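Chemist: what would the 3D arrangement of this be:
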Amino acid sequence: MSSDKSKEKIVFSGNDIHYPGQTNHDACFIPVSVRQYAGEPLYIIVAHWCLLQQNWVQRNQIAEAFHITARRASYLIAYLRSKTSRVVSICRHQTLPNKARRYEIYVIRVLDSLTPSTRREKAGPPPVSKRQVGNGDRSMANELWNRLCSNRNAGKILKKKEDEDDGT
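Modeler: Next up, the predicted model:
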């Protein structure tokens, strides 16, 4: 058995595990303090946890609390920073000697999700325009299309027909 913690499989009880909706993400541990939000997306659960900390939170703290990698915790912080519609937060960064930036986030408020009644209905397809676009003749375009569908040399045939029409 390897002593490297990143390779160890940690076993959780069934209600401690969060299975994200995306299949490319692994399951993670949900701390007791935020289990009531288990049906929410992971970034919202993390936001609620950060809110409870009432302090600046770094990726390592998130990684430790949720038993995820530091890289995944960094992605969650970046997602929280960009999801201003649901999470009100302040972000600051610290520049390390190797010029890398370490972000910290302070969550001020997590907004409730939109209820189905307040969500906007999906708009139907845009109305079909009755106006003609361009100067093409519709009957000639239809004829060209039909010939293209039935014959590879339709362009040459139409060209010959135009030359004949001009000559008479």
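
Chemist: quick check, Tyr106 in a strand?
Modeler: Yes - assessed with DSSP: H, G, I helix; E, B strand; the rest coil, Tyr106 lies in a strand.

Chemist: measure it to Phe29 for me?
Modeler: As judged by C-beta to C-beta, to the nearest Å, Tyr106 and Phe29 stand 23 Å apart. (C-beta placed from N, C-alpha, C; glycine too.)

Chemist: contacting residues for Tyr37?
Modeler: Each residue near Tyr37 by C-beta atoms under 8 Å, 6 or more residues apart in numbering is listed here: 44-45, 48.

Chemist: tell me how many other residues crowd Val87.
Modeler: Residues lying near Val87 (other C-beta atoms under 10 Å) number 23.

Chemist: go on, Leu144?
Modeler: Neighbours of Leu144 (other C-beta under 10 Å): 16.

Chemist: now do Cys28
Modeler: Other residues lying near Cys28 total 24 when counted by other C-beta under 10 Å.

Chemist: report the beta-bridge partner residues of it.
Modeler: His18 (DSSP bridges).

Chemist: would you map the strands across the protein?
Modeler: Assignment of strands within the chain using DSSP state E yields the ranges 17-18, 28-29, 57-58, 87-95, 101-110.

Chemist: can you give me the helices for the chain?
Modeler: 42-53, 59-66, 70-82, 138-150, 154-167 (DSSP state H).

Chemist: which helix or strand in this structure has the lowest average pLDDT?
Modeler: Every helix and strand in the chain was compared by mean pLDDT, DSSP states H and E; the lowest is strand 17-18, with a mean of 67.

Chemist: could you list the domains of the chain?
Modeler: 9-110, 138-167 (automatic domain parsing).

Chemist: ok, and the closest non-adjacent residue to Tyr43?
Modeler: What sits nearest to Tyr43 in space, not counting adjacent residues and going by C-beta to C-beta, 6 or more residues apart in numbering, is Tyr79, at 4.9 Å.
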